[in-house]
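S.K.: Turn this into a structure:
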Amino acid sequence: MIKIGIVDDHAIVRSGLRQFLSQEVDLRVVGEAASGREAIELARTTEMDVLVMDLSMPGQSGIDALAMVRAKAPDVGILILSAYPEEHYAVNLIRQGASGYLNKECQPSQIAEAIRVIALGRRFITPAVAELLARQLDRKEGAAPHELLSEREFQVFLKLAKGETAGHIADTLSLSVKTVSTYRTRLMEKMNLSTNSDLTYYAMKNNLID
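M.R.: Below is the predicted model of the structure:
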């Protein structure tokens, strides 16, 4: 029996997923969470094989929670199930330790297939994500600026783009304000941008934030 946790801030999505997965004889939902912070607690307190997690949630997002869940439960597979298309986040998140990435437009059967693959300790890579990974390997020089950022730089970039202050970012990511400023300087250089407004414009233009 594959034990599953579901993390999504919409109760109707959690309910729909739970209902669908309950029809599969080898899958069992053992816990739910509605935020990144709750996802970390769920990973810490509940024995499970795969965590199915949304990205966009209030407070601590799925992106913020990913590293913490990895630290608290290194053996748990993490399937990101997001409304954002693969090209926006998939490669960065797989580099950060996600076991797979699916867009919410996918067929329900694909979610079950992904869970089974990830429960075996493998990565679930769709053809679309495989193509993105291959393209990135082929042309690092031509990669989009945000694809060149490290895990932490990417997290800080998204938060700055959403208008969060350095102090708030420091609290959320358990960093010092000085460290956040260092990340900001570094990511600005990598992306060849100069102001937070530039970051917001870039993120919106590339559909990285709503």
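S.K.: When you work out contacts or count neighbours from here on, use the C-alpha atoms and nothing else.
M.R.: Fine.
S.K.: buried ones in the lengthiest helix in the chain?
M.R.: For the chain, the helix with the greatest residue count under DSSP state H is helix 177-191. For helix 177-191, a neighbour-count test (16 or more other CA atoms under 10 Å) marks 177, 180, 183-184, 187-188, 191 as buried.
S.K.: Which helix or strand lies directly C-terminal to it?
M.R.: Of the helices and strands lying after helix 177-191 in sequence (DSSP states H and E), the nearest is helix 196-205.
S.K.: quick one on the thing from earlier: I'd like to check the angle between the longest helix of the chain and helix 196-205, please.
M.R.: Per axes from the mean of the first three to the mean of the last three CA atoms, to 10 degrees, the angle that helix 177-191 makes with helix 196-205 is 60 degrees.
S.K.: Tell me which other helices or strands helix 177-191 touches.
M.R.: For helix 177-191, the helices and strands in contact under the criterion 3 or more CA pairs under 8 Å, 6 or more residues apart in numbering; DSSP states H and E are helix 151-161, helix 166-173.
S.K.: Export those helices as CSV, with columns for mean pLDDT and distance to Leu102.
M.R.: Rendered in CSV, the data for the helices and strands packed on helix 177-191 read as follows (pLDDT from 0 to 100; distance: least, CA to CA, whole Å):
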stretch, mean pLDDT, distance to Leu102
helix 151-161, 90, 19
helix 166-173, 90, 25
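S.K.: Could you say which of the ones you listed is packed most deeply?
M.R.: Using mean count of other CA atoms under 10 Å, the stretch among the helices and strands packed on helix 177-191 with the greatest mean number of neighbours is helix 151-161 (a mean of 20).
S.K.: How far off centre is that one?
M.R.: Relative to its chain's centre, helix 151-161 lies at 12 Å (CA atoms, centre = their mean, to the nearest Å).
S.K.: likewise stretch 200-210?
M.R.: Taking mean C-alpha positions (CA atoms, centre = their mean), stretch 200-210 and its chain are 16 Å apart.
S.K.: ok so, going back, which of the buried residues of helix 177-191 lies closest to Ala203?
M.R.: Met191 (11.4 Å; CA to CA).
S.K.: what about the strands in this protein?
M.R.: Per DSSP state E, the chain carries strands over the ranges 2-7, 27-33, 50-53, 77-82, 100-103.
S.K.: quick one, what contacts the residue lying closest to Leu193 once chain neighbours are set aside?
M.R.: Once flanking residues are discounted, Leu193 sits nearest to Leu199: 7.0 Å by CA to CA, 6 or more residues apart in numbering. With contact set as CA atoms under 8 Å, 6 or more residues apart in numbering, Leu199 has these partners: 157, 160-161, 193.
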